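*Asks:* Structure here, sequence nowhere to be found:
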């Protein structure tokens, strides 16, 4: 289970209003985050050091697993997250966060099951 790579392209301009702000496709150069903004998963935590991050597409992830000899058994996408990534997200009764206005339109999470071939 992991946050869907598509989540990495957005910024929330207003509560619930997503804008495309970052590239989806992989770049050899990292994105550098070095500001006083709170961590996306914990609003009370302010990182003290720069963060260097690379984006990987769903295709990059699946191909890396296949090239490593893993057999993909399942891959599923969901329109919810286990944390409040954006301020405009709403928590449902089961503790998942989502955007009601994007219901059925935006993958936020994926699960993947793979095993070593021949096992």
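*Replies:* On my side now, so go ahead. Just so we're clear, the structure is a prediction, and the values are computed from it rather than from any experiment. Numbering: from 1, shown residues only.
*Asks:* Report how many residues lie close to residue 81.
*Replies:* Residues lying near residue 81 (other C-beta atoms under 10 Å) number 20. Just so you know, the C-beta spots here come from the backbone N, C-alpha and C atoms, and that holds for glycine as well.
*Asks:* Please name the bridge partners of it.
*Replies:* residue 97 (DSSP bridges).
*Asks:* Please report the distance of it from residue 113.
*Replies:* As defined by C-beta to C-beta, to the nearest Å, residue 81 lies at a distance of 19 Å from residue 113.
*Asks:* now swap in residue 35 and tell me
*Replies:* The gap separating residue 35 from residue 113 is 37 Å, by C-beta to C-beta.
*Asks:* How is the closest residue to residue 39 other than its chain neighbours assigned, secondary-structure-wise?
*Replies:* Distances taken as C-beta to C-beta, 6 or more residues apart in numbering place residue 45 nearest to residue 39, at 4.4 Å, with adjacent residues excluded. At residue 45 the chain is in coil, as set by DSSP: H, G, I helix; E, B strand; the rest coil.
*Asks:* Look at residue 45 and report its pLDDT.
*Replies:* Residue 45 is assigned a predicted lDDT (pLDDT) of 83.
*Asks:* How many residues are close by it?
*Replies:* Residue 45: 10 neighbours (other C-beta under 10 Å).
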